[in-house]
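Asks: Return a 3D structure for these sequence lines:
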Amino acid sequence: MSEKFWLTPPDLFQSLNDEFHFDFDPCPYPRPADFNGVSVPWGNMNYVNPPFRHADAAFDAGPTAFVRKAIQEQQAGRASVLLLPTVTYVNMLVAAGAVCRSMGRMHWIEAETGKIWKNYNNITMFILRAK
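Replies: Next comes the predicted model:
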């Protein structure tokens, strides 16, 4: 399968660049031959528009790999702005001011049998406080 790119609308990129002053893009288009954005050092302020799906990447680096790399870079004192696809209800909660808390991989219990579901789900708790 060939690599697939989804480009940021120019006006959105410009407004983000005006705010954050990016000095590196680990997901450039066109991507130089043999360039792997998760295996190189990043800049001080990074713009990250990674492949939306693992299957869209030319090398073994879907969105999770870029998130892991951004966290690694953060620990080294560098910042990143990541644009990632999300489901609508997450965007609605964030826009409403929800506080997010990772609950990790949860083992759900089937109500009638009491059996633990073998598929683990990564769960985020969203807290909407009264206004």
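Asks: Please parse the protein into its domains.
Replies: What automatic domain parsing lists as the domains of the chain is 10-82, 88-127.
Asks: is it possible to export those to JSON lines including distance to K4 and mean pLDDT?
Replies: For glycine as for every other residue, the C-beta is placed from the backbone atoms N, C-alpha and C. Listed next are the domains of the chain as JSON lines, based on distance: least, CB to CB, whole Å; pLDDT from 0 to 100:
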{"stretch": "domain 10-82", "distance to K4": "4", "mean pLDDT": "92"}
{"stretch": "domain 88-127", "distance to K4": "22", "mean pLDDT": "92"}
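Asks: most tightly surrounded among the ones you listed?
Replies: Most buried of those, by mean neighbour count (mean count of other CB atoms under 10 Å): domain 10-82, with a mean of 15.
Asks: Over to that one now: how far is its first residue from its last?
Replies: 16 Å (CA to CA, to the nearest Å).
Asks: Show me what the helix or strand hosting T64 is packed up against.
Replies: Using DSSP states H and E, the element containing T64 is helix 63-75. The contact analysis (3 or more CB pairs under 8 Å, 6 or more residues apart in numbering; DSSP states H and E) places helix 63-75 against strand 45-48, strand 79-82.
Asks: all helices in the protein, in order from the N-terminus.
Replies: 10-20, 63-75, 88-95 (DSSP state H).
Asks: Put together a markdown table for the ones you listed, with distance to R129 on each row.
Replies: Formatted as a markdown table, those follow (distance: least, CB to CB, whole Å):
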| stretch | distance to R129 |
| --- | --- |
| helix 10-20 | 27 |
| helix 63-75 | 27 |
| helix 88-95 | 12 |
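Asks: so which of those gets nearest Y47?
Replies: Closest to Y47 of the helices of the chain, according to CB to CB: helix 10-20, at 6.9 Å.
Asks: ok now the closest one, how far from the chain's centre?
Replies: 18 Å (CA atoms, centre = their mean, to the nearest Å).
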